[in-house]
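Trainee: one predicted model, sequence on top.
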Amino acid sequence: MKVLMTCFKPFNHQQKNYSFEVLKYIDNVDKVVLDVVYNECYNQLKNNYILDEYDIIIALGEARSRTVLSIEKQAVNISSCSLPDNLGNIKKDELIINGGNDILKTKLDYNKLAIYASISDDAGKFVCNNLYYHLLNEYEEKSLFIHIPNCNDDELKYKEFANQIVKILEILKNN
């Protein structure tokens, strides 16, 4: 089974992005580090990888305000955040895809994954949600987004969350 996992570069003047730090501890998957830029992160992914070749695509992002690993079951067709992306873009209630559905949900059975992470219906409206909406628009049957909580720059936390993600991946592979 061929798996692609994405993470993001640091943003908002942070030195690290926890999604990148966690992905370092996950083996046997193809990995890509994406720019924290609306729409461009998906274009970067699409232009450098043949996504049709993958059985599972898992995108990782950080949510420093959270305390547990969160599986996002959906993305909304809105980018809106006062925080600028890494090119300085600020979005205010802008559609990601004109004419797209308001909400797109993953077709993967996320309920089976709840033993390793919480299930969330709010991927935010920043670049994480933007990427996930694009993925679900084209690959809803094999895409999932996981938010990494605050790790306080603790390597043990990185490893712990990586282990949880590996277990989630095993469940997905066996379904």
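Mentor: Perfect, thanks for sending it.
Trainee: would you list every one of the helices in the chain?
Mentor: Secondary structure of the chain (DSSP state H): helices located at 18-23, 40-48, 127-139, 155-173.
Trainee: roughly how far apart are Asp27 and Ser19?
Mentor: Distance, Asp27 to Ser19, using Cβ to Cβ, to the nearest Å: 16 Å. Heads up, the C-betas are built off the backbone N, CA and C, glycines and all.
Trainee: let's see the pLDDT reported for the residue located most distally from the centre of the chain.
Mentor: Among residues of the chain, the one most distant from the C-alpha centroid is Gly99; the distance is 23.0 Å, by Cα atoms, centre = their mean. For Gly99, the pLDDT comes out at 97.
Trainee: if I look at it, how far off is Gln74?
Mentor: To Gln74, Gly99 is 18 Å away according to Cβ to Cβ.
Trainee: so which of the helices of the chain is nearest Lys9?
Mentor: helix 18-23 (6.9 Å; Cβ to Cβ).
Trainee: roughly how far is the closest one from the heart of the chain?
Mentor: 11 Å (Cα atoms, centre = their mean, to the nearest Å).
Trainee: what sits up against that helix?
Mentor: Helix 18-23 is contacted by residues 5, 7-10, 31, 33, 60-62, 64, 148-151, 155, 158, 161-162, 165 when judged by Cβ atoms under 8 Å, 6 or more residues apart in numbering.
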